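1. missing the sequence, but the structure's below:
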């Protein structure tokens with residue numbers, strides 16, 4: 001049997017405070033993230049409004065404004081890094097790993113739409129040709145969007161292959 005180091009104070013606070021269960025914890029995560037991101041925006045001297053929501057059992061935080069492309073970066077790499085830093089800031093205060101989703105100026109929403117279209121088109125090609133299709137490497141958010149879209153299409157399935165950062169979705173005809 002192996003021993004596991006557990007932050008017992010985090011476990012106790014999660015267990016002893018039923019008010020912070022479910023949506024209440026997610027709202028708190030959003031508030032912590034908003035405070036962190038507002039300080040960051042002040043430091044980098046960017047103007048943006050913070051919108052908070054809870055969707056699909058996760059806190060969703062959006063920075064809305066113009067001229068925020070630098071916070072997204074090429075292919076969303078800066079946004080991914082900023083999301084991870086924000087999750088760590090939340091974890092530092094709650095003691096619980098956050099699944100918070102961060103968006104900047106609608107980048108993720110637009111990307112989700114593009115990926116759903118790509119998944120549909122790829123599924124059609126796979127169904128027509130009967131051959132698997134390997135998509136370009138994607139981050140976890142993008143892969144999940146594609147997997148979810150493929151799962152809603154009869155006759156095809158998807159799986160991931162490879163190692164980060166080259167992990168990709170493969171779409172296959174069902175047998």
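-> Great, that's in hand. On a predicted model such as this, the values are computed, not experimentally measured, just so you know.

2. For residue 30, grab the count of nearby residues.
-> Under the neighbour criterion other Cβ atoms under 10 Å, residue 30 is assigned a count of 22. C-beta coordinates here come from the backbone N, C-alpha and C atoms, glycine included.

3. Also residue 81?
-> Residue 81 has 12 nearby residues by other Cβ under 10 Å.

4. and it, what does it touch?
-> residue 73 (Cβ atoms under 8 Å, 6 or more residues apart in numbering).

5. and it, that one's in a helix?
-> Yes: judged by DSSP: H, G, I helix; E, B strand; the rest coil, residue 81 forms part of a helix.

6. How confident was the prediction at it?
-> Reported pLDDT at residue 81 in the predicted model: 95.

7. same question, the one 3 residues further on
-> Turning to residue 84, the model gives it a pLDDT of 96.

8. and it, what helix or strand is that in?
-> helix 77-94 (DSSP states H and E).

9. mind listing what's buried in that helix?
-> Within helix 77-94, the residues scored as buried using 16 or more other Cβ atoms under 10 Å are 79-80, 82-83, 86-87, 89-91, 94.

10. count of neighbours near residue 107?
-> Neighbour number of residue 107 under other Cβ under 10 Å is 19.

11. And it, how close does it get to residue 96?
-> 26 Å (Cβ to Cβ, to the nearest Å).

12. Follow the chain on from the lowest-mean-pLDDT helix or strand in the chain and name the next helix or strand.
-> Lowest mean confidence among the helices and strands of the chain (mean pLDDT, DSSP states H and E): helix 8-16, at a mean of 42. Remark: after helix 8-16, the chain's next helix or strand is helix 23-44, criterion DSSP H and E.

13. contact partners of whichever helix or strand comes after that next one?
-> Scanning forward in sequence from helix 23-44 by DSSP H and E, the next helix or strand is strand 49-55. The contact list for strand 49-55 (Cβ under 8 Å, 6+ apart) reads 23, 26-27, 30-31, 33-34, 37-38, 59-65, 101.

14. Just the buried residues from those residues, in ChimeraX please.
-> Command for ChimeraX, covering only those of those found buried under the criterion 16+ other Cβ under 10 Å:
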select :26,30,31,33,34,37,59,60,61,62,63,101
